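>>> Predicted structure and sequence below. I'll ask about it afterward.
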Amino acid sequence: MTKRTKWLIGTLIALLVLPSSYMTYVYLSIKSTVNEIYEERPRPQMLPEGVQVQDVKGSNAPSAAPKITRKATPFTVLILGVDERPSDSGRSDAMIFMAVDPDKGSVLIFNIPRDTRTDIVGRGTVDKINHAYAFGGVDMSIQTVEHFLKVPVDYYIKVDMEGFADIIDTLGGVTVHNDMEFDYAGFHFGKGEVTLTGEMALAFSRMRFEDPRGDLGRNSRQQEIIKAIMHKAMNVSTAWKLEQILDDIKGSVKTNISFDEMKILVSDYRQKLRQIEQIEIQGHGQRINGIWYYIVNQQEQEQIQSRLYSHMNSGE
């Protein structure tokens with residue numbers, strides 16, 4: 001074998017081995033990051049007294065078994081956008097509920113208005129739904145939402161609102177549809193298609209007092225950002241970009257979606273989840289004992305619950 005032949009063979013081996021070694025490194029790095037943000041939350045054996053929750057099949061006592069599997073089982077996700085401050089335990093500034101049906105490739109998404117007046121499960125009081133996080137963190141927020149919707153929360157993602165900015169910047173910005181022109185926090189947002197940096201997205205999602213729709217307008221803008229992030233993230237085509245995104249969320253995200261479940265989301269689901277439907281919880285503002293609440297009547301709650309059941313079971 002000549003020196004030239006040996007050199008060519010050695011070069012070919014290097015070209016084959018180095019990418020493989022790099023991909024192994026990236027895989028292990030991603031796994032490490034996901035394990036850092038993973039936070040197990042076993043479903044309690046018994047729900048608090050008076051709380052009834054049904055799964056999407058209509059049976060009581062929903063199972064704690066994983067829902068993100070290769071069988072494409074419908075599942076739900078609660079996104080808690082948390083504004084935590086040094087002086088207190090913070091509030092869930094955004095509460096976004098997603099019902100995912102991988103078999104249909106469909107996601108139903110809606111905001112739960114943060115001022116919604118409801119029972120705070122485990123506290124024994126009636127208050128604004130976003131106060132559940134201040135009183136009892138993720139667990140109380142989830143149980144309160146489950147009681148409000150009568151549907152189990154299979155997974156949660158808790159995000160520090162500031163964490164959104166880094167993720168969006170890593171994705172190269174996101175493009176959203178803006179239905180009203182406004183100025184806020186030093187930025188101008190024109191009507192129509194707007195491309196946002198991370199800092200702009202935070203401002204875009206937080207404005208509400210200049211919006212005649214108030215909290216509902218802000219909810220709509222938050223959903224636009226979540227949709228844009230989902231679209232961009234599901235189309236990440238390079239391993240290094242995924243690694244960078246995961247690195248950005250260290251310290252600002254906690255979730256009970258495991259590494260194995262995330263792998264299924266990326267490998268099996270990301271090409272399927274193309275249809276995103278937005279709905280809105282209807283209600284009205286009312287002052288009770290001097291405090292402003294968003295009132296969602298029983299009929300509207302039942303309509304939302306019915307819409308969830310229909311979305312998660314229509315493939316049968």
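Arrived safely, thanks for sending.
>>> correct me, but Asn249 touches Gly163?
Careful, residue 249 is Ile; it's not Asn. Yes: the criterion here is CB atoms under 8 Å, and Ile249 meets it with Gly163 at 5.9 Å. (C-beta placed from N, C-alpha, C; glycine too.)
>>> okay, those two: which has more neighbours?
With neighbours defined as other CB atoms under 10 Å, Ile249 and Gly163 compare such that Ile249 has more, 22 against 19.
>>> give me phi/psi at that one?
phi -90, psi 0 (degrees, to the nearest 10).
>>> and the gap between it and Tyr38?
For Ile249, the distance to Tyr38 (CB to CB, to the nearest Å) stands at 12 Å.
>>> can you pull out the helices in the protein?
Shown for the chain, the helices assigned by DSSP state H span residues 3-37, 131-149, 161-170, 198-206, 215-234, 239-248, 259-264, 298-313.
>>> most tightly surrounded among those helices?
Of those, the one with the most neighbours on average (mean count of other CB atoms under 10 Å) is helix 131-149, at a mean of 22.
>>> residues touching Gly251, list them.
With contacts defined as CB atoms under 8 Å, 6 or more residues apart in numbering, Gly251 is in contact with Asp160, Gly163.
>>> typo on my end, it should be Asp93
Shown in contact with Asp93 (CB under 8 Å, 6+ apart): Gly81, Val82, Asp83, Arg114, Asn130, Met161, Arg206.
>>> how many other residues sit next to the residue lying closest to Ile279 once chain neighbours are set aside?
Distance criterion CB to CB, 6 or more residues apart in numbering; nearest residue to Ile279, sequence neighbours excluded, is Phe110 at 4.8 Å. The burial count assigned to Phe110 is 21, neighbours taken as other CB under 10 Å.
>>> Before we move on, what's the pLDDT of Phe110?
Note on Phe110: pLDDT of 91.
>>> Hmm, it is touching Glu277, no?
No: with contact defined as CB under 8 Å, Phe110 does not count as touching Glu277 (9.1 Å).
>>> Val194 is in contact with Val176, isn't it?
Yes: contact criterion CB under 8 Å: Val194 and Val176 qualify, at 5.8 Å.
>>> Mind listing the shared neighbours of those two?
Here Val194 and Val176 have Phe204 as joint contacts, going by CB under 8 Å, 6+ apart.
>>> higher neighbour count, the two?
Shown here are Val194 and Val176; by other CB under 10 Å, Val176 has more neighbours (23 against 20).
>>> Report pLDDT for Thr125.
pLDDT, Thr125: 94.
>>> same question, Val174
Here the pLDDT value assigned to Val174 is 90.
>>> One more: Gln244?
Per-residue pLDDT puts Gln244 at 72.
>>> how far away is the closest residue to it other than its chain neighbours from Ile229?
In space, and not counting its chain neighbours, Gln244 is closest to Thr170: 5.3 Å by CB to CB, 6+ apart. Thr170 sits 11 Å away from Ile229, taking CB to CB as the criterion.
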